[in-house]
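Novice: Let me see the structure of the following:
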Amino acid sequence: MSTDRYLTFALGKGRLANKTMELFEQIGISCEEMKDKDSRKLIFVNEDLKLKFFLSKGPDVPTYVEYGAADIGVVGRDTIMEENRNVYEVLDLGFGKCRMCVCGPASASELLLHHERIKVASKYPRIARDYFYEQKHQTVDIIKLNGSVELGPIVGLTDVIVDIVETGSTLRENGLTVLEEICPLSARMIVNPVSMQMENERIRDIVTKLRDIN
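Specialist: Just a heads-up that it's a prediction; the model follows:
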């Protein structure tokens, strides 16, 4: 494949993008334009390496990658699972580690144990549905919330929540606890299936270098 073509990266905005670029610099991939915090640019280019970068909201990254607007994306595994796009997950980058868990008041553990029909609040309805229906074979009512899901059980809207847990301090402050762990999470690299064939050598080279430093 001709190296005249740019390889395009979609990165989840914020801490994820900063951490990704720190990692990339260790393998010789940098983008000076991205270091200008006042820049209003939407696409950042490294002409020498024929690379383009853009930042987007996390949930949009798998969409850009699936449709080929980006060859490579970096986003949390929670987003990959929830969006369920046609992409290849090629590498665990090892940062942004946390867990997807079922949480609630300690008393709710009985409801989980006896497979009762319960109400579940989550920003991740697909993950919650897959876990309860496919793994636990438990019928539940899932309510999608966009804000502080911890409020669900506190105000009596739901029995439990499915959410990301890092330290668990927010849960403890609100009288909630981790009841079941669904899966570990971290930042992952995803690739468009067509790009994987067309740019196999360049992408494989990046993945190999990142794997070596991880």
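Novice: Helices along this structure, start to end?
Specialist: Secondary structure of the chain, counting by DSSP state H: helices at 15-25, 61-66, 77-83, 109-113, 125-129, 151-154, 169-173, 193-198, 200-213.
Novice: And the longest strand along the chain, what does it pack against?
Specialist: Across the chain, the longest stretch assigned as strand under DSSP state E is strand 177-185. Contacts defined by 3 or more Cβ pairs under 8 Å, 6 or more residues apart in numbering; DSSP states H and E place strand 177-185 against helix 77-83, strand 98-104, helix 109-113, strand 160-165. Yep, even glycine has a C-beta here, placed from its N, CA and C like the rest.
Novice: In terms of mean pLDDT, which of these ranks lowest?
Specialist: If you rank the helices and strands packed on strand 177-185 by mean pLDDT, helix 109-113 sits at the bottom with a mean of 93.
Novice: what distance separates that helix from the centre of its chain?
Specialist: Between the centre of helix 109-113 and the centre of its chain there are 28 Å (Cα atoms, centre = their mean, to the nearest Å).
Novice: So for it, what gets flagged as buried?
Specialist: 111-112 (16 or more other Cβ atoms under 10 Å).
Novice: Other residues contacting that helix?
Specialist: For helix 109-113, the external contacting residues (Cβ atoms under 8 Å, 6 or more residues apart in numbering) are 102, 118, 136, 138, 159-160, 179-180.
Novice: list the contacts for the nearest residue to residue 20 once chain neighbours are set aside?
Specialist: Residue nearest to residue 20 in three dimensions, not counting chain neighbours: residue 74, with 4.7 Å by Cβ to Cβ, 6 or more residues apart in numbering. Taking Cβ under 8 Å, 6+ apart, we find residue 74 in contact with 9-12, 16-17, 20, 61, 93, 187-190.
Novice: Kindly report the same for residue 192.
Specialist: So residue 192 contacts 65-66, 68, 70-72, 87-88 (Cβ under 8 Å, 6+ apart).
Novice: quick one: low-confidence ranges for the protein?
Specialist: Within the chain, the stretches with pLDDT under 70 are 1-3.
Novice: No further questions, thank you.
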